[in-house]
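>>> I'll drop the sequence and a predicted model, then ask my questions.
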Amino acid sequence: MSTLTGKRVAFLATDGFEDSELTSPWQAVTDAGAAAIMIAPDSGSITGKKGHEQRVDVTSDDADAAEYDALVLPGGVVNADDLRLDASAVRFARDFFAQHKPVGAICHAAWLLVEADVLGGRTLTSYPSLHTDLVNAGATWHDEEVVVDAGLVSSRTPDDLPAFNAKLVEEIAEGRHAAQTV
């Protein structure tokens, strides 16, 4: 596995996230040497739909993409739907694209990227029900376990986590991607 020593990886979520889509990538990046930081709209802790609790390190209002090397967006219908209503979360996600940094999005997390208006001309995958939303946002959608497009790593469901995690760590290790932009 690639080494991520010295890298800081932001995870952006709120209550209702898909537990394994937070915990599995978190474990993958920390096992590779990165520091994982939890960003959420509110301080305290957030709870996944299956009960996993995660302490919040920084609120989305206070988060600055310049302080992180990459962003991971776990899925979960409620999580993604609530995040796309949070202007600070949308700004935070958009800033990673503007700064050419890797972003990982799994399952329903791509809804936040629709709201951030960063999908025009991009290729990705997601939970199948988002297909039309992503195409309407200007993306090309593929039904594959993992799709990588210039630093944007995407997957469909928890079943795809092994492939997602491997590509996520690889893209973070590569660093900035010139084509990763708004």
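It's in. Numbering: from 1, shown residues only.
>>> host element of I37?
Here I37 sits within strand 35-40, counting by DSSP states H and E.
>>> and stretch 37-54, how far out from the chain's middle?
Distance, stretch centre to chain centre, for stretch 37-54: 15 Å (C-alpha atoms, centre = their mean, to the nearest Å).
>>> give me the buried positions along that stretch.
37-41, 46, 48, 54 (16 or more other C-beta atoms under 10 Å). Yep, even glycine has a C-beta here, placed from its N, CA and C like the rest.
>>> can you check stretch 91-102 too?
Neighbour counts over stretch 91-102 (16+ other C-beta under 10 Å) mark 92-97, 99-102 as buried.
>>> can I get it in PDB, CA atoms only?
C-alpha atoms of stretch 91-102 as PDB (Å, rounded to 0.1, in the frame of the first residue of the first chain):
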ATOM      1  CA  ARG A  91     -18.000  25.400  -0.200                       C
ATOM      2  CA  PHE A  92     -15.500  23.100   1.600                       C
ATOM      3  CA  ALA A  93     -16.000  20.300  -1.000                       C
ATOM      4  CA  ARG A  94     -15.800  22.700  -3.900                       C
ATOM      5  CA  ASP A  95     -12.500  24.100  -2.600                       C
ATOM      6  CA  PHE A  96     -10.800  20.700  -2.900                       C
ATOM      7  CA  PHE A  97     -11.500  20.800  -6.700                       C
ATOM      8  CA  ALA A  98     -10.300  24.400  -7.000                       C
ATOM      9  CA  GLN A  99      -7.100  23.400  -5.200                       C
ATOM     10  CA  HIS A 100      -6.600  20.300  -7.400                       C
ATOM     11  CA  LYS A 101      -6.700  17.900  -4.500                       C
ATOM     12  CA  PRO A 102      -7.900  14.300  -4.400                       C
END
